[in-house]
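J.: take a look and give me a structure for this.
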Amino acid sequence: MTSTAGKMTRATRAEPILVGEDLSQEVLDGVRAACAPKDIRVVRSLFDAVESAGSQSHVSAVLMAPSRGFDDHEIVDAFRRVDPSVRLVLLIEGDQDERGRIAIENGFDAAINPRRDLELVNAVIDGTADANALKRRLMNRRAFSPSQATVSHRSNSEEQSVVERVLDDSYERASREIQISESKESSKHHVDTMIPHEHETMMLNAMIENREIKTLGLEIIQKRTGIEHLQFIEYGVDMEEKRRIAGERGATILAVPNANGVFGFFISEDSKDAPLLAPWTQWFAHWLSLHEKNVTLLEQAWTDHLTGAGNRRALEDVLGRVITRSTRTWRFVSIMCFDIDNFKKYNDKYGHAAGDEVLRETVRLVKSALRKGDHVFRVGGDEFVVVFSDPSARAEQSQPMVHEKIARRIQSRMAKLPLPNMGPDSPERISISSGLVTYPWDVINMDGVASPIEKLLALGDQRALESKRTGKNKITLGSESSG
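T.: Okay, the predicted model is just below:
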């Protein structure tokens with residue numbers, strides 16, 4: 001046991017955390033009062049509590065209500081991974097004693113009814129240092145009889161502290177976990193539940209290259225745990241049905257959580273795989289969360305948020321790559337520059353919301369006419385650029401006449417698209433004025449030090465203006481224009 005002085009030193013620097021999620025105001029106030037004059041920090045959710053435990057060494061205990069989103073094993077494993085010394089206390093209501101007993105069996109250090117046993121809150125928090133030492137000692141006692149423990153508990157209850165009694169109650173659960181782990185070790189070879197750094201590098205490289213990471217993550221987990229039959233069911237309409245069927249088979253089912261619920265579920269056909277698989281749920285969840293954020297950042301960096309078309313930065317990047325490929329493979333690249341005729345008048349007449357819908361409809365229509373490898377970009381208010389560059393080996397598909405055919409198709413479809421605020425019989429329609437330019441034909445003899453990209457865009461804009469100047473709803477090719 002540590003000395004009283006040691007306890008006080010620990011207590012002065014230890015900070016308990018109370019998870020406010022799913023707790024009534026009455027319970028929150030009661031726990032605060034029980035901890036006075038010590039401070040107890042209240043956080044909004046389990047995610048905030050895990051983050052605090054992982055980044056601050058002075059977190060002594062986390063008190064929470066039964067979670068509606070995660071099971072006990074997931075919660076325990078999340079905290080044990082970031083800081084094994086943090087004590088987990090479940091706050092239960094008057095009719096939840098059985099729920100508390102199950103929580104202790106599943107790994108919680110204590111279950112307390114704050115309306116009935118508020119004094120236990122302080123006892124559990126104050127005894128953190130002793131609790132860790134006792135837990136290590138209990139975990140090392142392999143020969144253990146639940147019946148003997150009950151007798152011992154009853155005969156020595158008055159000599160034990162509250163924390164010692166709580167730990168004795170949870171020892172049976174710890175013994176079962178040891179037995180499961182030993183069983184797994186004897187039946188599998190080279191099983192390692194530690195998260196290896198080399199696999200973090202593999203996942204990071206996949207993310208940098210914007211590759212799909214779910215399959216790679218599953219392969220890593222299978223390799224490190226030895227679990228052969230593992231699948232990940234993503235959140236979707238049939239997720240619950242798959243969970244139900246797996247549950248009927250007696251499979252291990254573990255949630256992979258995210259901030260709004262779950263990404264999905266791990267399913268392993270072996271019902272004893274939970275202790276091996278549970279530590280990896282948070283690992284997988286962290287990578288999926290990071291991947292989602294990465295995808296969002298990429299979209300924000302390269303796309304126009306209103307229409308979903310590429311932005312100017314994306315245009316310059318794509319054009320640079322396709323021109324380089326064109327020079328190497330002797331393929332043609334064409335761009336179509338266009339803007340929407342009379343867009344400002346329409347915007348002023350019907351409002352910006354209607355104008356925004358016109359822009360979105362324009363991009364949807366253009367995309368429907370394009371091939372794989374072709375792209376549309378919004379470079380100004382109602383100004384767009386289409387890049388025609390088929391990456392396939394079909395040389396005939398890179399010919400300028402093919403690009404011209406697609407450009408004319410877009411021009412024709414736009415002229416037939418009714419405005420969102422007009423009825424089907426309205427004479428008002430959307431039209432565009434366009435200019436088509438092909439690399440290298442149209443820029444090879446252009447003077448100046450501008451780059452091929454700058455020459456293409458400048459000439460495309462010039463031809464689009466010529467279409468507008470000569471009557472609108474036209475496409476200009478070289479020195480000619482047509483409706």
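
J.: neighbours of Trp330, how many?
T.: When counting by other C-beta atoms under 10 Å, one arrives at 9 neighbours for Trp330. In short, each C-beta sits where N, CA and C put it, glycine included.

J.: can you check Gly351 too?
T.: Gly351 has 12 neighbours, counted by other C-beta under 10 Å.

J.: mind checking how far it is from Val358?
T.: With the distance defined as C-beta to C-beta, to the nearest Å, Gly351 ends up 11 Å from Val358.

J.: try Ile245
T.: From Ile245 to Val358 the distance is 48 Å (C-beta to C-beta).

J.: show me which of these two is the more surrounded one.
T.: Neighbours per residue (other C-beta under 10 Å) separate Ile245 from Val358, with Val358 holding more: 19 against 11.

J.: could you pull up the residues touching the closest residue in space to Ser389 that isn't next to it in sequence?
T.: Counting by C-beta to C-beta, 6 or more residues apart in numbering, Ser389 lies nearest to Val322, which is 4.1 Å off, once chain neighbours are set aside. Residues in contact with Val322 (C-beta atoms under 8 Å, 6 or more residues apart in numbering) are 333, 387, 389.

J.: same thing but at 10 Å, please
T.: Contact analysis of Val322 by C-beta atoms under 10 Å, 6 or more residues apart in numbering lists 331, 333, 335, 373-375, 387-391, 439.

J.: could you dump these into TSV with neighbour count, secondary structure and distance to Asn311 added?
T.: Formatted as TSV, the contacts of Val322 follow (neighbours: other C-beta atoms under 10 Å; DSSP: H, G, I helix; E, B strand; the rest coil; distance: C-beta to C-beta, whole Å):
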residue	neighbour count	secondary structure	distance to Asn311
Arg331	20	coil	25
Val333	23	strand	19
Ile335	26	strand	15
Gly373	15	coil	19
Asp374	20	coil	17
His375	19	strand	11
Val387	23	strand	13
Phe388	25	strand	19
Ser389	24	coil	18
Asp390	22	coil	23
Pro391	16	coil	21
Tyr439	24	strand	21
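
J.: CA atoms of the strand or helix carrying Val89 as PDB?
T.: Using DSSP states H and E, Val89 maps to strand 87-91. The C-alpha trace of strand 87-91 is given here as PDB (Å, rounded to 0.1, in the frame of the first residue of the first chain):
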ATOM      1  CA  ARG A  87     -10.400   4.200 -13.200                       C
ATOM      2  CA  LEU A  88     -13.800   3.700 -14.900                       C
ATOM      3  CA  VAL A  89     -16.900   4.300 -12.800                       C
ATOM      4  CA  LEU A  90     -20.400   3.600 -14.000                       C
ATOM      5  CA  LEU A  91     -23.100   5.800 -12.500                       C
END
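
J.: just the mean pLDDT for the helix or strand encompassing Lys344, thanks.
T.: Counting by DSSP H and E, the element that carries Lys344 is helix 343-350. On average, the pLDDT along helix 343-350 is 87.

J.: so where's the longest helix in this structure?
T.: helix 274-302 (DSSP state H).

J.: quick one: average pLDDT of that one?
T.: For helix 274-302, mean pLDDT rounds to 87.

J.: which element follows that helix toward the C-terminus?
T.: Later in the chain than helix 274-302, the nearest helix or strand by DSSP H and E is helix 312-329.

J.: list the contacts of the residue positioned nearest the centre of the chain.
T.: By C-alpha atoms, centre = their mean, the mean C-alpha position of the chain lies nearest to Ser289, the distance being 2.5 Å. Contact analysis of Ser289 by C-beta under 10 Å, 6+ apart lists 47, 256-259, 263.

J.: buried residues in the longest helix of the chain?
T.: Residues of helix 274-302 classed as buried by neighbour count (16 or more other C-beta atoms under 10 Å): 274-285, 287-289, 291.

J.: low-scoring stretches of the stretch 151-300 of the chain, by residue?
T.: Across the stretch 151-300 of the chain, the ranges flagged by pLDDT under 70 are 151-197.

J.: ditto for the stretch 1-150 of the chain
T.: By pLDDT under 70, the low-scoring segments of the stretch 1-150 of the chain are 1-14, 36-38, 55-57, 118-120, 122-150.

J.: can you map out the helices along it?
T.: Using DSSP state H, counting those that start in this stretch, the helices of the stretch 1-150 of the chain run over 4-13, 25-35, 46-55, 72-82, 97-105, 118-126, 128-140, 146-155.

J.: mind listing the helices for the stretch 351-483 of the chain?
T.: For the stretch 351-483 of the chain, the helices defined by DSSP H, counting those that start in this stretch cover 352-369, 400-416, 452-469.

J.: turn those into a markdown table, columns for distance to Glu228.
T.: Shown next, in a markdown table, are the helices of the stretch 351-483 of the chain (distance: least, C-beta to C-beta, whole Å):
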| stretch | distance to Glu228 |
| --- | --- |
| helix 352-369 | 43 |
| helix 400-416 | 50 |
| helix 452-469 | 52 |
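
J.: give me the number of residues near Asp356?
T.: Number of residues near Asp356 (other C-beta under 10 Å) recorded here: 14.

J.: ditto for Ser368
T.: As a burial measure, Ser368 scores 10 neighbours (other C-beta under 10 Å).

J.: assumed His263 was part of a strand.
T.: Just to correct that, residue 263 is Phe rather than His. Yes - according to DSSP: H, G, I helix; E, B strand; the rest coil, the state of Phe263 is that of a strand.

J.: show me what contacts it?
T.: Contacts of Phe263 by C-beta under 10 Å, 6+ apart are 214, 232-235, 255-257, 281, 284-285, 287-289, 291-292.

J.: repeat that for Glu383.
T.: Counting by C-beta under 10 Å, 6+ apart, Glu383 makes contact with 312, 337-340, 343, 377, 461, 464.
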